[in-house]
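**Q** Predicted model and sequence follow; I will ask about them next.
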Amino acid sequence: MDMTSRISGHFRDSIALLEQSILALSEPTAAGVDLLFSALMNDGKILACGNGGSAADAQHFIAELVGRFERDRLPLAGVALNTDTSIMTAIANDYSYDQIFERQVTALGRPGDVLVAISTSGNSENVLRSIDAAHEREMRVIALTGKGGGRIGTRLGPEDIHLCVPHDRTMRIQEVHILLLHALCDGVDAYLLGDPA
Ligand SMILES: O=C(CO)[C@@H](O)[C@H](O)[C@H](O)[C@H](O)COP(=O)(O)O
Ligand SMILES: [Zn+2]
């Protein structure tokens, strides 16, 4: 096996997908920045969730809101719903794993808050249920998906934003998701602090 050319292939696939994603995702991501910014400026907060690599992405994103992204600014309100092992194990143990995010959205969500729901397949039941709970709480949703959007794609409302990466491979989709999450942070900071360029 030629490992070097295998790895070169990853770079080439990733470049091609990023090119495709510019067209498909720049505009809806800009709408996502507006939604986050207006929620945060109106005393709202951002909840985020996902499984596996997407859990790491949700946690990473919220750290950049509450801590900082590239520049100093006020801390922004956000909670990653996949970080508290006591809450997650209690809900999974006493109810079901499918409810680990739903129950937290119901507990913490308020009208005007935003849920950032991340699932590469668009089919993870716990993420799907978190979206239903957000709608119950009169929250809007930014869904980051791939593979055509799966069941999440069909569950979003007209006020929600769907960032569906045009690819079928989880790793490639995740690579674009992290770019999108950084673009959301950068956009919010640009509104708050101005464009340093
Ligand atoms: O990071 C990876 C694969 O790159 C995995 O940990 C992956 O996130 C897990 O298999 C998740 O359970 C997949 O869930 P989802 O993206 O389909 O909602
Ligand atoms: Zn991964």
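**A** Ah, there it is. Ligands and ions are numbered 1, 2, ... in the order given.
**Q** most residues in a single strand of this structure, which one?
**A** In the chain, taking DSSP state E as the definition, the longest strand is strand 140-146.
**Q** quick one: that one near ligand 1?
**A** No. Shown here: strand 140-146 not in contact with ligand 1 (CB under 6 Å from any ligand atom), separated by at least 7.8 Å. C-betas here are computed from N, CA, C, even on glycine.
**Q** Show me what that strand pairs with in its sheet, parallel or antiparallel.
**A** Next to strand 140-146 in the sheet, as set by DSSP bridges, lie strand 114-118 (parallel), strand 161-165 (parallel).
**Q** Report the distance from the helix or strand following the last one to the chain centre.
**A** Going back to what we said before, that points to strand 161-165. Counting by DSSP states H and E, the next helix or strand C-terminal to strand 161-165 is helix 170-193. Its chain's C-alpha centre and that of helix 170-193 lie 9 Å apart, by CA atoms, centre = their mean, to the nearest Å.
**Q** Need phi/psi at L47.
**A** phi -110, psi 140 (degrees, to the nearest 10).
**Q** That one and V116: what is the separation?
**A** Here the criterion is CB to CB, to the nearest Å. By it, L47 lies 7 Å from V116.
**Q** tally of neighbours for the nearest residue to E70 once chain neighbours are set aside?
**A** Excluding its sequence neighbours, the residue lying closest to E70 (CB to CB, 6 or more residues apart in numbering) is D189, at 6.7 Å. Per other CB atoms under 10 Å, the neighbour tally for D189 reads 22.
**Q** Just give me the longest helix of the protein.
**A** The helix that spans the most residues within the chain, counting by DSSP state H, is helix 3-41.
**Q** tilt between that one and helix 170-193?
**A** 40 degrees (axes from the mean of the first three to the mean of the last three CA atoms, to 10 degrees).
**Q** Mind putting the strands paired with strand 140-146 into CSV with mean neighbour count and mean pLDDT?
**A** As requested, those are exported to CSV (neighbours: other CB atoms under 10 Å; pLDDT from 0 to 100):
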stretch, mean neighbour count, mean pLDDT
strand 114-118, 29, 99
strand 161-165, 22, 98
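**Q** how much space between the residue lying closest to N82 once chain neighbours are set aside and P166?
**A** Among residues not flanking N82 along the chain, A55 sits closest, at 4.0 Å (CB to CB, 6+ apart). Using CB to CB, we find A55 at a distance of 23 Å from P166.
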